[in-house]
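Asks: Predicted model and sequence follow; I will ask about them next.
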Amino acid sequence: IAMHAVMLAHRGAAKGLGRRTRWTLGERAFGWQTVGVNAETRPGPRQWLVAAALIEADGALLLVQNRRRNGLSDWSTPGGFVNRREHPLEGAVREVREEVGLDVEVIGEPIVFFEVDRRMVQVAVSTRPIVDGHADHVVPRSLEIAAARWFPLTSLPEMQLDVAESVRRWAEITGQERIS
């Protein structure tokens, strides 16, 4: 399995912040998550491992509208934080099921984004629904999700910078010609 890595930020370095768990595909390590470090037990910023699923069917991409704590919302791919001892690809599949009730299977290579300034590693993976047809009737299953909708690849909504970059990179790797 090939791996694609993209550095979104390049200042600073993550060091001395606790015991790290490495995740691998075959013999390649591709991510980390700090285990047992938080503001109550040890000073310093946390490190996060996030998994996102890029779900394409019939020329459309499934996006969810996230409710943020500040009252705003934004569109992104389904995904979220990977649980302790959970493989990132399993985390992506779990997050889709939790957020929109859709079962998916991983079909592509992971794209790994390192956001050093935010101390975050994001693993984005191409998936497809495990259902006959298009899975048109996806609905939010989580309180943090305001809406779920299939967007044609030619008319995607505005997204967060990291999400837009993962979608752009996914489109490049999978040969999607028309994406906007």
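Replies: That came through fine.
Asks: CA atoms for contacts and neighbours, from now on please.
Replies: Noted.
Asks: which SS class is the residue nearest the centre of the chain?
Replies: By C-alpha atoms, centre = their mean, the mean C-alpha position of the chain lies nearest to residue 52, the distance being 1.7 Å. Under DSSP: H, G, I helix; E, B strand; the rest coil, residue 52 falls in the strand class.
Asks: Quick check: beta-bridge partners of it?
Replies: With DSSP bridges as the criterion, residue 52 is bridged to residue 79, residue 124.
Asks: thought it was touching residue 80?
Replies: Yes - counting by C-alpha atoms under 8 Å, residue 52 does reach residue 80; the two are 6.5 Å apart.
Asks: ok, back up a step: list the contacts of the residue nearest to the centre of the chain.
Replies: 77, 78, 79, 80, 92, 95, 122, 123, 124, 125 (C-alpha atoms under 8 Å, 6 or more residues apart in numbering).
Asks: hey, what's in contact with both of residue 52 and residue 80?
Replies: In contact with both residue 52 and residue 80: 92, 95, using C-alpha under 8 Å, 6+ apart.
Asks: Can you list the residue ranges for strands in the protein?
Replies: Taking DSSP state E as the criterion, the chain carries its strands at 4-9, 19-25, 28-35, 48-57, 60-67, 73-76, 79-81, 104-106, 111-115, 120-129, 145-152.
Asks: Give me the distance from the fourth one to the chain's centre.
Replies: On the basis of C-alpha atoms, centre = their mean, to the nearest Å, strand 48-57 sits 3 Å off its chain's mean C-alpha point.
Asks: That strand to strand 145-152, inter-axis angle?
Replies: Angle of strand 48-57 versus strand 145-152, following axes from the mean of the first three to the mean of the last three C-alpha atoms, to 10 degrees, is 50 degrees.
Asks: now strand 48-57 and strand 60-67, what's the angle there?
Replies: 140 degrees.
Asks: Point out where the chain drops to low pLDDT.
Replies: The model of the chain has pLDDT under 70 over residues 1-46, 132-135, 177-178, 180.
Asks: can you do 90?
Replies: Counting by pLDDT under 90, the chain has low-confidence residues at 1-49, 56-59, 67-72, 84-85, 108-123, 128-139, 160-166, 168-180.
Asks: Quick check: the residue nearest to residue 152 when sequence neighbours are not counted vs residue 157, distance?
Replies: Spatial nearest neighbour of residue 152, excluding adjacent residues (C-alpha to C-alpha, 6 or more residues apart in numbering): residue 60 at 4.1 Å. Distance of residue 60 to residue 157, computed by C-alpha to C-alpha, to the nearest Å: 12 Å.
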